[in-house]
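Undergrad: Structure here, sequence nowhere to be found:
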């Protein structure tokens, strides 16, 4: 394999081909990651004619290539408890000149999931997956047009569960944990059920919730969500250190977004702040930016039925309260 | 093959991990080997073309260990690298 052949190629998925685990790479040399999610950019490219080239390599190729990439070191990480404004925050990072924003890239999320689904007694596989994760982030953070200066990674919500492993790889990178009231979050997830709550391989949710896989299989979606949220809040609470910023959805404002960027060591220019302000008035997950953002705290609270309140009270409210307490203490 | 004249195999890639540990990847067999800090010292010595004596010196400079014991450890590690065909003759 000629290493230069992979310059500008990005690992778009972690897959298993004929029993061989590895990565699908796509030629993205001139592509800007403008969509709210990495996967949306990949789908846009795959729908073009001609389609971009794709290749499969086993992971050993990544280990070789990692040393050759000219990449931006991570500037800041975004963790979240789902449906809480994290996409808005990622979009704000994208407004910064020279920023690469990796929003829930599947290869990253799948490698993190393998910390749970593919383990061995001695932890060798976990170390291997850590190395692959580092390599994938480096590959995704390649300088492809020369002026990239910042790299922001927004992880999928379930990745919070593996935050300590991620911190071990990048101990100096500041990170924010964004979260929202559990009742509102559960309602949002029930209105549009995400893949992570429907995953038929229940091992990840079992690990997150501390329940047996058989028990996860029998739980309804609201309970799965409530238990996962409780775990996300508790995990963030236990690992938050001086490199961490806790941020509640209800705090989100232009000033607070600017504060997060400052926390990441970035000073947005006036024009960038204008872009962020404009973006924050539209629905963050739509590519077109045509749908207006509507604050829906009251609507979500009204939409919550007795069962949602019950599972939130049982599994999530107390960890949420403790996390809020920590956030408020940190603010003093 | 005598372990005194070994070099790191060209088909092996090493990557650092977690402050001193590392992983070797044998590109021929697609096998991965996890190395602790001491094994990494030996491997890096091989990559730099050092003699056993020089690697042992690196070893004793990093750890409080007697010269004879360090020599034995280095030779054992080199034997393991040979067993798994991770090294070649100079």
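TA: Yep, it's here. Model, not experiment: these values are computed from the prediction. Residues are numbered from 1 along each chain as shown, chains lettered A, B, ... in the order given.
Undergrad: can we go C-alpha only for contacts and neighbour counts from here?
TA: OK.
Undergrad: How are the strands of the stretch 1-150 of chain A distributed by residue range?
TA: Applying DSSP state E, counting those that start in this stretch to the stretch 1-150 of chain A gives strands spanning A:9-17, A:20-27, A:54-58, A:74-80, A:99-103, A:150-154.
Undergrad: Distance to residue A:332 and mean neighbour count added to those strands, as TSV?
TA: Below are these laid out as TSV (distance: least, CA to CA, whole Å; neighbours: other CA atoms under 10 Å in any protein chain shown):
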stretch	distance to residue A:332	mean neighbour count
strand A:9-17	42	21
strand A:20-27	45	19
strand A:54-58	49	16
strand A:74-80	23	24
strand A:99-103	31	26
strand A:150-154	27	24
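Undergrad: can you list those in a markdown table and add mean pLDDT?
TA: Output for these, formatted as a markdown table (pLDDT from 0 to 100):
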| stretch | mean pLDDT |
| --- | --- |
| strand A:9-17 | 96 |
| strand A:20-27 | 95 |
| strand A:54-58 | 95 |
| strand A:74-80 | 98 |
| strand A:99-103 | 97 |
| strand A:150-154 | 98 |
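Undergrad: and of the ones you listed, who's closest to chain B?
TA: Nearest to chain B among the strands of the stretch 1-150 of chain A is strand A:54-58 (8.8 Å), distances taken as CA to the nearest CA.
Undergrad: For the closest one, what is the distance to the chain centroid?
TA: 24 Å (CA atoms, centre = their mean, to the nearest Å).
Undergrad: Does that strand reach chain B?
TA: No. Using CA under 8 Å from any CA of the partner chain, strand A:54-58 stays clear of chain B, coming no nearer than 8.8 Å.
Undergrad: got the angle between that strand and strand A:20-27?
TA: 150 degrees (axes from the mean of the first three to the mean of the last three CA atoms, to 10 degrees).
Undergrad: Check which helices and strands strand A:54-58 is in contact with.
TA: Under the contact definition 3 or more CA pairs under 8 Å, 6 or more residues apart in numbering or on different chains; DSSP states H and E, strand A:54-58 sits against strand A:20-27.
Undergrad: circling back: which of the strands of the stretch 1-150 of chain A sits closest to residue A:170?
TA: Of all the strands of the stretch 1-150 of chain A, it is strand A:74-80 that lies closest to residue A:170, at 8.1 Å by CA to CA.
Undergrad: residues making contact with the closest one?
TA: A:86, A:90, A:141, A:150-157, A:159-160, A:173-179, A:264-265 (CA atoms under 8 Å, 6 or more residues apart in numbering or on different chains).
Undergrad: Could you tell me which of the residues you listed belong to helices?
TA: Using DSSP state H, A:86, A:90 are the members of the contacts of strand A:74-80 that sit in helices.
Undergrad: got the buried residues for stretch B:29-46?
TA: B:32-35, B:37-43, B:45-46 (16 or more other CA atoms under 10 Å in any protein chain shown).
Undergrad: burial count for residue B:48?
TA: Neighbours of residue B:48 under the rule other CA atoms under 10 Å in any protein chain shown: 12.
Undergrad: so where do the strands sit in chain B?
TA: Along chain B, counting by DSSP state E, strands occupy B:6-8, B:12-17, B:21-26, B:31-35, B:87-89.
Undergrad: in the chain, what spans have low per-residue confidence?
TA: Defaulting to chain A. A:1-4, A:282-295 (pLDDT under 70).
Undergrad: My question was about chain B, not that one.
TA: B:1-4.
Undergrad: give the contact list for the nearest residue to residue A:77 once chain neighbours are set aside.
TA: Of all residues not flanking residue A:77 in the chain, residue A:175 sits nearest, at 4.5 Å (CA to CA, 6 or more residues apart in numbering or on different chains). Contacts for residue A:175 (CA under 8 Å, 6+ apart) come out as A:76-79, A:243-245, A:264.
Undergrad: Same check on residue A:147?
TA: So residue A:147 contacts residue A:98 (CA under 8 Å, 6+ apart).
Undergrad: Next, it: phi, psi?
TA: Backbone torsions for residue A:147, taken as degrees, to the nearest 10, come to phi -110, psi 10.
Undergrad: what does chain B have sitting close to chain A?
TA: B:13, B:15, B:17-18, B:23, B:25, B:27, B:30, B:34.
Undergrad: Determine how far stretch B:14-27 lies from the middle of the whole chain.
TA: On CA atoms, centre = their mean, the centre of stretch B:14-27 falls 11 Å from that of its chain.
Undergrad: Report the separation between the two terminal residues of that stretch.
TA: Start-to-end span of stretch B:14-27 (CA to CA, to the nearest Å) is 11 Å.
Undergrad: How about residues contacting that stretch?
TA: Contacts for stretch B:14-27 (CA under 8 Å, 6+ apart): A:60, A:63, A:127-128, A:131, A:168-169, B:11-13, B:31-37, B:40, B:86.
Undergrad: And stretch A:187-206, by the same measure?
TA: A:83, A:113, A:116-117, A:158, A:212-214, A:216-217, A:221-222, A:224-225, A:228, A:300-301, A:303-304, A:308.
Undergrad: Inside strands: which ones of the residues you listed?
TA: Going by DSSP E, the strands hold none of those.
Undergrad: Return a PyMOL selection command for the buried portion of those.
TA: Per 16+ other CA under 10 Å, the buried members of these correspond to this PyMOL selection:
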select buried, chain A and resi 83+113+116+158+213+216+217+221+222+224+225+228+300+301+304+308
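Undergrad: For the residue nearest to the spatial centre of chain A, which non-adjacent residue is spatially closest?
TA: The residue lying closest to the centre of chain A (CA atoms, centre = their mean) is residue A:155, at 1.6 Å. The shortest distance from residue A:155 to any non-neighbouring residue, by CA to CA, 6+ apart, is to residue A:104 (4.9 Å).
Undergrad: I figured that neighbour hits residue A:153, correct?
TA: Yes. Counting by CA atoms under 8 Å, residue A:104 touches residue A:153, with 7.5 Å between them.
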